[in-house]
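Visitor: I'll drop the sequence and a predicted model, then ask my questions.
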Amino acid sequence: MFDWLLDADVYAPKPLGRRNVLVGGGKVLWIGEEELELPDALEVRVANLEGMRLIPGLVDSHAHVIGGGGEAGYASRVPAVGVSRFTLAGITSVVGLLGTDDCVRTTGQLVAGVRALCEEGLSAWCWTGGYHLPPTTLTGTVRGDIVHIDRILGFGELAISDHRSSQPTLDELLRIASECHVGGLMTGKAGVLHMHMGDGARGLSLLREALEVSELPPRVFHPTHVNRRRALFEEALELVEDGVTIDITAFPVEDGEDAWSAPDALTRFLEDELEPTRVTVSSDAGGCLPHFDAHGRIDRWGVGEPTSMSDALREMLVRGWPAEAVLPAFTSNVASALRLPGKGRIEVGGDADLVVLDGEHRVRDVMARGVWHVRRGQALVKGRFE
């Protein structure tokens, strides 16, 4: 089965203009201005996009695919996130992780969860470990998990500057980071330490010290939730200049809250003209979004949604930002930082992970690995238990 996507306004994420795109075998086979003549014997489906924007599928580096939460008792454990909740948000590649609950939920369950998403048509990987040290692993070491388990890219989300963390020391942080780095060297994987940033006053000081005293390259460290406090974001921008890639979380921000929304944070990043490849945006889908009182107890909370990514992208486009400026943070930057070949770009030989945006920048159609999952805003493919 082949698919012709005709008259698409292609952003790869660089703008290519109006092009026709041929898809087959889960790959992008051809991109050009003319329409190829294919043999009549081939089965070809045609979709005329009539100038609608075609972008790469979004790559989400931070989602609680088997559910997160648990900070408010056993009944607060969030259920798993179904495949169509990702595709309806334009997400075709996702990296799952454990958070506060790395005790009841395990790395083995997480690996099984991402394999299930792969069976249902997404591209999915995960981080080993969770908030706490010593880490929960499958093989007994972080390096062993990266080397021996194909779906594991690195470690995450190790919590720092957070009352829910295990209060890691500098030596412990460096040891985990080195395990990630060497595991990546041995396999060609990302070998990244994906770090949960809490709202504690210490901010990124532990990471700054790690960069100062160790030989580890800055690319190993990938701090997330950096927009949860405005002062924390200022620290994160300084680390970008040292070679660190930062991750902005697309969580809801209330008026007057000491935080930056994802669109506001990304706008600030772009206006500061920092290295454009060193920023990513993720959803925190399936994760608990808690607010704690002065005693460390939850007084209100919500749940992260995959659509937060596509909503943030849409807001940037509505504000008038060029698509080629904002798309990399949702696509190619993530794929490059996590070393995911074939992802985050529209190119010949790349995976056919494609999203069609309508005239109001909303997700209209989604193709994952060459299969239509969403057409005209309706999910065609759902998980077994959705």
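Guide: Ah, there it is. Numbers count the residues shown, from 1 in each chain.
Visitor: quick one: residues contacting Val81.
Guide: Residues in contact with Val81 (Cβ atoms under 8 Å, 6 or more residues apart in numbering) are 63-65, 67, 285-286, 306. Just so you know, the C-beta spots here come from the backbone N, C-alpha and C atoms, and that holds for glycine as well.
Visitor: could you redo the last one with a cut-off of 7 Å?
Guide: Applying Cβ atoms under 7 Å, 6 or more residues apart in numbering, we find Val81 in contact with 63, 65, 285-286, 306.
Visitor: next one: Ser123
Guide: Listed by Cβ under 7 Å, 6+ apart, the contact partners of Ser123 are 92-93, 343, 369.
Visitor: partner residues bridging it?
Guide: Ser93 (DSSP bridges).
Visitor: in which helix or strand would I find Asn333?
Guide: Assessed by DSSP states H and E, Asn333 sits inside helix 332-337.
Visitor: with Leu29 instead?
Guide: Per DSSP H and E: strand 27-32 holds Leu29.
Visitor: for that strand, buried residues please.
Guide: Residues of strand 27-32 classed as buried by neighbour count (16 or more other Cβ atoms under 10 Å): 27-29, 31.
Visitor: who touches the helix holding Asn333?
Guide: By Cβ under 7 Å, 6+ apart, helix 332-337 touches 13, 59, 61, 190, 192, 222, 245, 277, 279-280, 343-345.
Visitor: can you redo these as CSV with distance to Ser310, pLDDT and secondary structure?
Guide: Below are these laid out as CSV (distance: Cβ to Cβ, whole Å; pLDDT from 0 to 100; DSSP: H, G, I helix; E, B strand; the rest coil):
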residue, distance to Ser310, pLDDT, secondary structure
Pro13, 15, 98, coil
Val59, 12, 98, strand
Ser61, 15, 98, strand
Ala190, 24, 97, coil
Val192, 24, 98, strand
His222, 22, 98, strand
Thr245, 21, 98, coil
Thr277, 21, 98, coil
Val279, 17, 98, strand
Thr280, 15, 98, strand
Lys343, 17, 98, coil
Gly344, 15, 98, coil
Arg345, 18, 98, coil
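Visitor: closest to His181 out of those residues?
Guide: Closest approach between these and His181, by Cβ to Cβ: Val192, at 8.9 Å.
Visitor: contact partners for the residue nearest to that closest one when sequence neighbours are not counted?
Guide: The spatial neighbour of Val192 that comes closest, neighbours along the chain excluded (Cβ to Cβ, 6 or more residues apart in numbering), is Gly154 at 3.9 Å. Gly154 makes contact with 127, 146, 180, 184, 190-194 under the criterion Cβ under 7 Å, 6+ apart.
Visitor: and Gly154, that one's in a strand?
Guide: Yes: applying DSSP: H, G, I helix; E, B strand; the rest coil, one finds Gly154 inside a strand.
Visitor: give me the distance between it and Arg208.
Guide: 20 Å (Cβ to Cβ, to the nearest Å).
Visitor: and if you look at Glu120?
Guide: With distances taken as Cβ to Cβ, Glu120 is found 41 Å from Arg208.
Visitor: of those two, who's got more company?
Guide: Glu120 (20 against 15; other Cβ atoms under 10 Å).
Visitor: would you mind measuring from that one to Ser166?
Guide: Following Cβ to Cβ, the distance that separates Glu120 from Ser166 is 34 Å.
Visitor: with His222 instead?
Guide: Counting by Cβ to Cβ - His222 and Ser166 are separated by 19 Å.
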